[in-house]
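*Asks:* Okay, sequence plus prediction incoming.
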Amino acid sequence: MRLSRYLKHLCPTIQAGTDCACVFAFILTFGLTLYRHFWLERYDPLKCNASLEGGRWLDSNYEIWQPPGCMMHHFHQQDLLACFKDRKLLFIGDSTVRQSFYATAEKLGIIEQGEEVPGKHADLELDGDDGLTLNFVWDPYLNSSFLHRELTAAIVPPDKFGVAGTTALLLIGGGLWHARYLEDYFVSFQDSFERISQTVVSQDERQLDKRSTRFTFGNRNIDNLIALAPVPVPAYGSLSSPRADTITPDKVNAMNKYLRQMADELPLPVAWSFNSMTTEPETTSPSAFQSDGLHINSAIVHNMLDVLLSMRCNMVLRESRIKAYPMDKTCCSSYKSPSSIQALILNMSTGVLPLLVLATFGASKAIAMLPSRKITHAIATLAFAICYCYYADRTHLFNKVHKHYHYGETQMVYAIAALLGMSSIRRSGTAVERGSGMLQSQEPDRPFLSRDQTDEWKGWMQIIILIYHYTGASKILWVYQIVRLLVASYLFMSGFGHTIFFSKKADYSLRRGAAVLIRLNMLSCILPYLMETDYMFYYFAPLISFWYVVVYCTMIIGRKSNHSITFMLSKIVISAISVNLMIRRTGTFETLFYFLRRSCKIEWNQAEWLFRLKLDSCIVYIGMLCAVISIRITDALGNDTIPKTNFDRFVRKYFNRLCTCSVVLAISMCSGFFVLAGMSSSKQEYNSWFPYVSFIPVLSFVILRNSTRCARNHHSSIFAWVGRHSLETFTLQYHIWLAADTKGLLAIGILEKMSEDKINGRRFDMVALTIIFFWVCWHVAAATQTLTTWLVHPRDERKKDGGEEYSDGEDNILPTMKLEESTRQNGRDVILFKKIFFIAMEVATRTKTLVADHLEVRLVLIVMVMWLLNMLSA
């Protein structure tokens, strides 16, 4: 009873209770994550040994191999050339090791896929670009003198001034020939690896680290990776009779058991994950092997090679890249230390801000120079969110795992979301009475595209997009087509909503424009400094902001004539033509991006930006046209007087017929659009015609959604809630729900680590992190709204919070110090100090008053701070 009373006092409302539950979930999740990282993985924080030990397939086509807790990169030609320039890659062993040699040659483009170089049981050599050399040495019994010479040379890292031609990667493997041709197979195998062990141990063991990775990888491109391949486990049922009689499970298991015992003493990594790839439960079928049951599927061999390349190259590629993101190579690769800007933000957020929050609980006069308690809490909330982004996606604290699209699971998630949304359907809030005339009714009715309805629309679209990103469904063409349509719908609503506002309110003030743009861009402008991404990376905010400016400029030109429908339609068409010409024909954006690059050190992807503008170059104008027509029809129906224009008479007389015809037309046109979409064979083909017809399904949905009184007056409260936080969910998903800059998924990894329950562990991670994700978005949305109001209306915000009003008079917000006669007794130094302090207080007071009184000054200061951060971080 005492506990229940305490909980009721702590969380008196449902909203407070939800908040308390989310806080508990966050603390529990973060605690489990810390336990896993700092205790269970204390000897392998970079997942190097874990990548070598095992993993599992996420698909049946052997394309996505998931090492424990990290993301494996699929290497291509440019990656290998950057990692192994002027170096040699050496493969020594039997025909299974030769497969890795061929896979490397295929990655480098030296040979075509499936092509083999003549010489079945012979040494092979291939030359690549930039001085890179591939060598294969046929030594199935692992007892040649060449093996030991190369092993001796490769153990000690070469001098950085003499690395050309030396071995950077050495893979050694065998055992099947021992089982196939030798009666004393085990003694011979044991003797081969004892000689290898003696060669390794006799060298300088200071280069080897037995506690963590067992090999060095951190000195960029001058270290060498020496790895052992386990004895392959064949598909015994597919072996030919002579091979099946000699290559038996007992022999293979005995050699691998010995090798694992040797691995505890031998300071070289053994890639046990090679066997996991062919014996993992989902790959027990012979399809993992070629028809002989001995040699492995080419796709699997490429993944085996990627495991080794991740050990050797991830650090090199991270340091050689021009752009700092995406950080999608997380296996055996450390994140770089925080830059000065990152360290400043982190220290301010975790050190200074908590103290300011505590200070706001003091006396009001003592904290007069500080923001109000409400503002300070909003700043702290935003700081907490961006720090969470950093520790989640720029450290190894959380695991990062690959995405995987599974049709059944994805549809189940969509079904659960749909059921939750439908279960919260309710009648909309404040109703609006329609006017008299043909639609006069005593029942309340919501307006066309009401706020509840648009919030709901944004909400269910955002859920679809979130699941689309989480499951990696972008590879599925029909899913991509739908999501592309949803983005167009967002922009339609943007054009519609802003046009309605400007038409009714006619507020074109700097204060209003600044409020909209600051609210839209606050997160997208702050995150790049901490995450070392860029503004365009969070493309939704830039896209919405650009089209807001376009709508603003269109509406403000000739605004005194905006009541004329002919004038409005004319200037919307002129604006559409002008902006499309600017996007497609002229060099406007080239000039703008060049100016930003030279003056502000801003490097944005111009091609990506223009691509996104072209995809939705018309839909915003459709939204504007729809808004103009909607206002005109509403006025015609809501006017109790005799209609004065032909348009008003036409609308009143034929409105019901027009509604019926529009519903029929919407159904037929929407069906035609999806038939046309189904005929597209690629994304490129779909994108080529999509901008010109995207309005068809959008307008069809709008018509159908508003076709009946019941449909207009009801909405889903859950979808509407998500819609009100769609900006935050779209931006923050990049780092605290997804991972590796959207290339992977964030994971806790505790269940998988402790119980080996990989499937349920992945589901537990999704549920826990989804709850935390929406909780953070909820509070960040409130914080950014509060901070936007504070930046635009600082005086009003302080009044609302109960603080004192600013004053330019004698009673300033800082306590003044009067120089009384008694102070002179303390000496001239004290008097001088007090005078300086008094002057400093006056300057600070007047500066703060100046900033508080002039929005232009605040905006200039914001731009100057961003410019300075850009220059320092460049």
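*Replies:* Yes, it's here. Numbers count the residues shown, from 1 in each chain.
*Asks:* Residue 569 touches residue 624, doesn't it?
*Replies:* No - between residue 569 and residue 624 there is no contact under CB atoms under 8 Å: 9.5 Å. From N, CA and C alone the C-beta is placed, and that goes for glycine too.
*Asks:* Looking at these two, which one has more neighbours?
*Replies:* residue 624 (30 against 14; other CB atoms under 10 Å).
*Asks:* what about the more buried one, which SS state?
*Replies:* Under DSSP: H, G, I helix; E, B strand; the rest coil, residue 624 falls in the helix class.
*Asks:* what's near enough to touch it?
*Replies:* Neighbouring residues of residue 624 by CB atoms under 8 Å, 6 or more residues apart in numbering: 495, 496, 499, 551, 554, 572.
*Asks:* pLDDT and distance to residue 635 for those - can I get that in JSON lines?
*Replies:* Shown next, in JSON lines, are the contacts of residue 624 (pLDDT from 0 to 100; distance: CB to CB, whole Å):
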{"residue": "495", "pLDDT": "95", "distance to residue 635": "20"}
{"residue": "496", "pLDDT": "96", "distance to residue 635": "17"}
{"residue": "499", "pLDDT": "95", "distance to residue 635": "15"}
{"residue": "551", "pLDDT": "97", "distance to residue 635": "21"}
{"residue": "554", "pLDDT": "96", "distance to residue 635": "21"}
{"residue": "572", "pLDDT": "95", "distance to residue 635": "18"}
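*Asks:* just these now: which is nearest residue 667?
*Replies:* Using CB to CB, residue 496 comes nearest to residue 667 of these, at 21.5 Å.
*Asks:* what's the distance between that closest one and residue 464?
*Replies:* According to CB to CB, to the nearest Å, residue 496 and residue 464 sit 20 Å apart.
*Asks:* Between these two, tell me which one has more neighbours.
*Replies:* Set residue 496 next to residue 464 and count neighbours by other CB under 10 Å: residue 496 wins out with 25 against 18.
*Asks:* which residues does the more buried one contact?
*Replies:* Contact partners of residue 496, counting by CB under 8 Å, 6+ apart, are 449, 623, 624, 626, 627, 630.
*Asks:* repeat that with 10 Å
*Replies:* 448-449, 454, 551, 620, 622-628, 630, 698, 702 (CB atoms under 10 Å, 6 or more residues apart in numbering).
*Asks:* residues of the helix ranked longest in the chain that come out buried?
*Replies:* In the chain, with assignment by DSSP state H, the single longest helix is helix 758-792. Within helix 758-792, the residues scored as buried using 16 or more other CB atoms under 10 Å are 758, 761-762, 764-766, 768-769, 771-781, 783-784, 786-792.
*Asks:* For the stretch 451-600 of the chain, which segments count as helices?
*Replies:* Using DSSP state H, counting those that start in this stretch, the helices of the stretch 451-600 of the chain run over 451-471, 477-505, 510-531, 540-556, 565-584, 588-600.
*Asks:* For the first one, what does the pLDDT average out to?
*Replies:* Going back to what we said before, that points to helix 451-471. Averaged across helix 451-471, the pLDDT comes to 95.
*Asks:* send the alpha carbons of that helix over as CSV?
*Replies:* Only the C-alpha atoms of helix 451-471 are listed here, as CSV (Å, rounded to 0.1, in the frame of the first residue of the first chain):
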residue,chain,number,x,y,z
ARG,A,451,-6.0,19.3,-38.1
ASP,A,452,-6.9,15.9,-36.5
GLN,A,453,-7.2,14.4,-39.9
THR,A,454,-3.9,15.7,-41.2
ASP,A,455,-2.1,14.6,-38.0
GLU,A,456,-3.6,11.2,-38.4
TRP,A,457,-2.5,11.1,-42.0
LYS,A,458,1.0,12.1,-41.1
GLY,A,459,1.0,9.5,-38.3
TRP,A,460,0.1,6.4,-40.2
MET,A,461,2.4,7.4,-43.1
GLN,A,462,5.2,7.9,-40.6
ILE,A,463,4.7,4.5,-39.1
ILE,A,464,4.9,2.9,-42.6
ILE,A,465,8.1,4.8,-43.3
LEU,A,466,9.6,3.9,-40.0
ILE,A,467,8.9,0.2,-40.6
TYR,A,468,10.1,0.5,-44.1
HIS,A,469,13.5,1.9,-42.9
TYR,A,470,13.7,-0.6,-40.1
THR,A,471,13.2,-3.7,-42.2
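*Asks:* Report the distance from it to the chain centre.
*Replies:* Its chain's average C-alpha position is 17 Å from that of helix 451-471, according to CA atoms, centre = their mean, to the nearest Å.
*Asks:* The most centrally placed residue in the chain: what's its closest spatial neighbour, skipping adjacent residues?
*Replies:* Nearest residue to the geometric centre of the chain (CA atoms, centre = their mean): residue 734, 2.3 Å. Closest residue to residue 734 apart from its sequence neighbours, by CB to CB, 6 or more residues apart in numbering: residue 742 at 5.3 Å.
*Asks:* Great, nothing more from me.
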